[in-house]
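>>> would you be able to build a 3D model of this:
(chains A and B)
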Amino acid sequence: MDWGALHTILGGVNKHSTSIGKIWLTVLFIFRIMILVVAAERVWGDEQQDFVCNTLQPGCRNVCYDHFFPISHIRLWALQLIFVSTPALLVAMHVAYRRHEKKRQFRKGDQKCEYKDIEEIRKQRFRIEGSLWWTYTSSIFFRLIFEAVFMYAFYFMYDGFRMPRLMKCNAWPCPNTVDCFVSRPTEKTVFTIFMIAVSSICILLNVAELCYLLTKFFLRRSKKAGNLKQQPNHENKEETKQNEMNELISDSCQNTVIGFSS
Amino acid sequence: MSWAFLCDLLSGVNKYSTGIGRIWVAVVFIFCLLVYVAAAENIWKHEYDEFECNIKQPGCENVCFDHFFPVSHIRLWALQLIMASTPSLLVVFHVASRENREKHHNQKLYRNPGNIDGGLLCTYLISLILKTGFEIVFLVLFDKLYNGFKIPHLVKCDIKLCPNTVDCYISKPTEIIFLYFLVATSCLCIVLNPSELSYLIFKYSIKCYPKRHVNKQQ
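I've put the predicted structure just below:
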């Protein structure tokens, strides 16, 4: 099990996302997971081995390393990526539940069911409305929270995003204040800033997606309210269908299927 | 998840590229990616362990290595590969949005959604400009960070943390000839992208010119 498994899981969610959601997913995979695996893991690979302290006191180096790096950057990033990707599973579960219900209706031979076969149900893309809208919006909200929490945790644990060359350590059993030197501090700083910058871009994308979904929700409500005001006594089914068609056409410019090759 | 993911993405891009674009994808695959994975990674694998300084002062080696190699060549190379390949995804997104629009309207809106014309031509040209830009930026970065593309055998380090000027020896300085390979491939990509740009502009102008000519005559 590795990052490829996450890619498989999230690839399925991609179909039911908005355009901004698809861009977010692309940024996540290319600029965060791929950079982590291909570059960052190598930079931090030898971090403890090459953490050198100016002392011969046994145990001092270990203790100082643990004091300055309670959780390695790499592990924190991996945790962050997992937590940030997990809310999308809420959407995947909701879609799976809906599909299961449709399949049950189809098997019962329900006349309301408009599908011709099981394959059509499997391939169908659900629109983000109703209860799925709430699930999707909650998942974006949780994503935002996790991103913010991890960014704060980074800032708090490492006193900013810069990796110093030299750290002065006086934890027991070091006899006095000892100079400890970090391996590749500049490269680590560059990658930390890169990952923080991409996290910020992801936060902005999530905020934009949230605003887009809220705007769409309120626009739909105001259109429905407008329709009801014009014909308060009876529902003209054909006109509401025409409105839905119009919405579909205007939405098609926004809700695009972005091919996400696996 | 590793370079295979990038390979899959670029294979998808290949479908909507011109002939020169496909040559670019082949150059990136064979001369950049394959050389990176098969050779370059191993050369730079122990760059830090085998960097030796003529001193026993703890920490001096760390500091000297960090001073002479702020960002490792191999990481810059990886970043360059990723950044230079990503603009091609704009084309894939645009084609996918065209196909989706056709699905929603349930009618054929484009002769072929992958045909490079109209809005897709603009997207393609922008992706070419971005690709060229990224390649140039990384080459300049390599040049500025390492004062050219030569790696010396010996560097003299006189950082404050070291007691005095210290001789430091770099591992495999000659094998870093692969760096010239990377530079040559980048230059080739820089030549291919504007050629493709000119080709597309020329092709589009030829398509438009007869129509304008006929309209004027009418």
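
>>> chain B: strands as residue ranges?
B:52-53, B:154-157, B:166-169 (DSSP state E).

>>> next: chain A.
Using DSSP E, strands in chain A cover A:52-53, A:166-169, A:178-181.

>>> on that earlier part again, could you dump the strands of chain B to TSV with distance to A:Thr137 and mean neighbour count?
In this view, the C-beta of every residue, glycine as well, is placed from N, C-alpha and C. Below are the strands of chain B laid out as TSV (distance: least, Cβ to Cβ, whole Å; neighbours: other Cβ atoms under 10 Å in any protein chain shown):
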stretch	distance to A:Thr137	mean neighbour count
strand B:52-53	57	16
strand B:154-157	55	15
strand B:166-169	56	16
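
>>> one step back: okay, the strands of chain A in TSV with mean neighbour count and distance to chain B next?
Shown next, in TSV, are the strands of chain A (neighbours: other Cβ atoms under 10 Å in any protein chain shown; distance: least, Cβ to the nearest Cβ, whole Å):
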stretch	mean neighbour count	distance to chain B
strand A:52-53	20	5
strand A:166-169	16	7
strand A:178-181	21	3
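
>>> with mean pLDDT and distance to B:Pro173 as added columns, please give those in CSV.
CSV is the format used below for those (pLDDT from 0 to 100; distance: least, Cβ to Cβ, whole Å):
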stretch, mean pLDDT, distance to B:Pro173
strand A:52-53, 90, 24
strand A:166-169, 91, 28
strand A:178-181, 92, 24
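
>>> which of those sits closest to B:Asp49?
Closest approach to B:Asp49 among these (Cβ to Cβ): strand A:52-53, 12.6 Å.

>>> show me the contact partners of that closest one.
A:60-61, A:64, A:169, A:174, A:178-181, A:183, B:58-59, B:61-62 (Cβ atoms under 8 Å, 6 or more residues apart in numbering or on different chains).

>>> sheet partners, orientation included, of that strand?
Partner strands and pairing direction for strand A:52-53 (DSSP bridges) are strand A:178-181 (antiparallel).

>>> the nearest residue to B:Tyr204 once chain neighbours are set aside: neighbour count?
Computed as Cβ to Cβ, 6 or more residues apart in numbering or on different chains, the closest residue to B:Tyr204 that is not its neighbour in sequence is B:Leu121, at 6.3 Å. For B:Leu121, the count of nearby residues is 16 (other Cβ atoms under 10 Å in any protein chain shown).

>>> quick check, pLDDT for B:Leu121.
Note on B:Leu121: pLDDT of 88.

>>> pretty sure it sits against B:Lys203.
No - B:Leu121 is beyond contact range of B:Lys203, at 9.3 Å (criterion: Cβ atoms under 8 Å).

>>> next up, the contacts around the residue nearest to A:Phe191 when sequence neighbours are not counted.
Nearest-residue entry for A:Phe191: A:Ala40, 5.2 Å, with adjacent residues in sequence omitted and distances by Cβ to Cβ, 6+ apart. Contact analysis of A:Ala40 by Cβ under 8 Å, 6+ apart lists A:His73, A:Ile74, A:Trp77, A:Phe191, A:Met195.

>>> dump the residue contacts of residue 79.
Here I'm looking at chain A. A:Leu79 neighbours (Cβ under 8 Å, 6+ apart): A:Phe150.

>>> wait, chain B was what I had in mind.
When contacts are taken as Cβ under 8 Å, 6+ apart, B:Leu79 is in contact with A:Ile35, A:Ala39, B:Phe138.

>>> out of the residues you listed, which is most surrounded?
Neighbour-wise, the contacts of B:Leu79 (other Cβ under 10 Å) top out at A:Ala39, 22 neighbours.

>>> against A:Val84, how distant is that one?
Using Cβ to Cβ, to the nearest Å, A:Ala39 is found at 19 Å from A:Val84.

>>> any weak-confidence spans in the stretch 51-200 of chain A?
Flagging of the stretch 51-200 of chain A using pLDDT under 70 yields the residue ranges A:110-124.
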